[in-house]
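A predicted structure for the sequence below; I have some questions about it.
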Amino acid sequence: MTEKKLIGVDLGGTTIKFAILTADGEIQQKWSIETNVLADGQMIIPDIIDSINHHLKMYEMTADQFSGIGLGSPGTINFKEGTIKGAYNLNWTNSVYPVRDIEKGTGIPVTIENDANVAALGERWKGAGNNADDVVFVTLGTGVGGGIIANGNILHGASGAAGEIGHVTVDPNGFLCTCGKRGCLETIASATGIVHVARDRASEYAGDSELKAMLDDGQDISAKDVFDLAKKNDDLASIVADYVCASLGFALANVANSLNPKYVVIGGGVSAAGEFLLDKVNETMRINEFATIKDSTELRLASLGNGAGVIGAASLIKMK
């Protein structure tokens, strides 16, 4: 008997990614559609249903060939009711019912999870997490997100907020965060945070620096610009990169000291700085870890890129 396949869906504010995978997590087909957030996002779930049904018909496949659909989504998830609420980048302010509606529309069972958690599950299953039972994933993008896998299970916490590594305080007197606190990791190590740090440091910097010249000239800069210049030993860029990496390493050391994962995995757009970023973060992590953690927890770069979400979403079906 042929083993049933999986469908992974990664729902984002601009794009919805889909994949058909084997039971072992190998992607066989993948595609994406634009996320239609108009009309309070009312077309998102029907679009998902239509896209899945269209592609199954195109690939001459039927619902009974699949063991389930895994869906990763932003917003607050009620796992008992199968609802999502407060996904503001999708214009979902009120509760929506993806489990009920997608199951009815496709005839395939549906499991849902937070989008940061499915990325963590993807990296854990087929990426840098090496299928270990204990993995912490932190994603450095527009914000800083995270997912914690302990004893093979995603930690949700009492209100579903476990893994909010971006709101670990690293500087109590630092920048104001959108959450209302000061000095959250997100205000320093996210893509937007790195630019904020660069502008702040540039205002007090008087030396010779290409980064300083770009900012003084009114140019828009990115986190990539900062790290590219730091790799070339630009003085201001190096000051910014050192501060960002030290802050990230400090936060991750405390996460590691609390959870003792086998791997801490860094993903997201900022992680494209690669080994340069990894080495600097690891240096501060090791200074702030106690001996047992140093010996048993390893820092790694994510390896799946944009594929982590659909792979992790599909893995939800295996975990049921």
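Thanks, I have it.

rounded to a whole number, what's the mean pLDDT of the helix or strand containing residue 251?
Mapping residue 251 onto the secondary structure by DSSP states H and E places it in helix 235-259. For helix 235-259, mean pLDDT is 97.

Quick check: bridge partners of residue 263?
Counting by DSSP bridges, residue 263 is bridged to residue 135, residue 298.

What is the burial count for it?
Neighbour count of residue 263, defined by other C-beta atoms under 10 Å: 21. Where you see a C-beta, it was placed from the backbone N, CA and C, and this is true even at glycine.

isn't it right next to residue 128, touching?
Yes - counting by C-beta atoms under 8 Å, residue 263 touches residue 128, with 6.4 Å between them.

Find the residues that touch each one of these two.
By C-beta atoms under 8 Å, 6 or more residues apart in numbering, residue 263 and residue 128 have these common neighbours: residue 300.

how close does residue 274 get to residue 186?
The spacing between residue 274 and residue 186, counted by C-beta to C-beta, to the nearest Å, is 21 Å.

now the helices for this structure?
38-41, 44-58, 98-106, 115-126, 186-189, 191-202, 210-216, 223-231, 235-259, 275-288, 291-296, 308-319 (DSSP state H).

helices and strands of the protein: which one bottoms out on pLDDT?
strand 76-78 (a mean of 86; mean pLDDT, DSSP states H and E).

so residue 82 touches residue 100, yeah?
Yes - using C-beta under 8 Å, residue 82 is in contact with residue 100, at 6.0 Å.

quick one, which of these two is more surrounded?
Using other C-beta under 10 Å, the more surrounded residue of residue 82 and residue 100 is residue 82, with 20 against 14.

Just the pLDDT for that one.
91.

which one is it nearest to, not counting chain neighbours?
With sequence-adjacent residues excluded and distances taken as C-beta to C-beta, 6 or more residues apart in numbering, residue 82 is closest to residue 99, at 3.0 Å.

how about low-confidence regions in the protein?
Scanning the chain for pLDDT under 70 picks out 1.

Count the residues that sit near the residue nearest to residue 82.
A total of 21 residues lie near residue 99 under the criterion other C-beta under 10 Å.

what sits against it?
Neighbour list for residue 99: 82-83, 110-112 [criterion: C-beta under 8 Å, 6+ apart].

How about residue 107?
residue 63.

Correct me if wrong: residue 315 contacts residue 123.
No - applying C-beta under 8 Å, one finds residue 315 not in contact with residue 123, separated by 10.4 Å.

neighbour count winner among the two?
Neighbours were counted for residue 315 and for residue 123 using other C-beta under 10 Å; residue 123 has more, 30 against 23.

what's the distance between the more buried one and residue 14?
22 Å.

Please apply the same query to residue 36.
Residue 36 is 10 Å from residue 14, where distance means C-beta to C-beta.

one step back: I'd like to know which of the helices of the chain is closest to residue 88.
Closest approach to residue 88 among the helices of the chain is made by helix 38-41 (9.8 Å; C-beta to C-beta).

Now do the buried residues in the closest one.
residue 41 (16 or more other C-beta atoms under 10 Å).

how far does that helix sit from the chain's center?
24 Å (C-alpha atoms, centre = their mean, to the nearest Å).

ok, so what distance separates residue 39 from residue 84?
Taking C-beta to C-beta, one finds residue 39 at 17 Å from residue 84.

More neighbours: residue 274 and residue 186, which one.
residue 186 (25 against 11).

Surely the more buried one is in contact with residue 144?
Yes - contact status for residue 186 versus residue 144: in contact at 4.2 Å, counting by C-beta under 8 Å.

Show me whatever sits in contact with both of the two.
166, 193.

Which segments of the protein make up each domain?
Domain ranges of the chain: 5-121, 128-303, per automatic domain parsing.

count of neighbours near the closest residue to residue 165 other than its chain neighbours?
The shortest distance from residue 165 to any non-neighbouring residue, by C-beta to C-beta, 6+ apart, is to residue 146 (3.5 Å). Counted with other C-beta under 10 Å, the neighbours of residue 146 add up to 27.

and residue 146, how far is that from residue 48?
26 Å.

now do residue 209
From residue 209 over to residue 48 the distance is 48 Å, taken as C-beta to C-beta.

So if I had to pick from the two, which one is more boxed in?
More neighbours surround residue 48 than the other of residue 209 and residue 48, with 24 against 21 (other C-beta under 10 Å).
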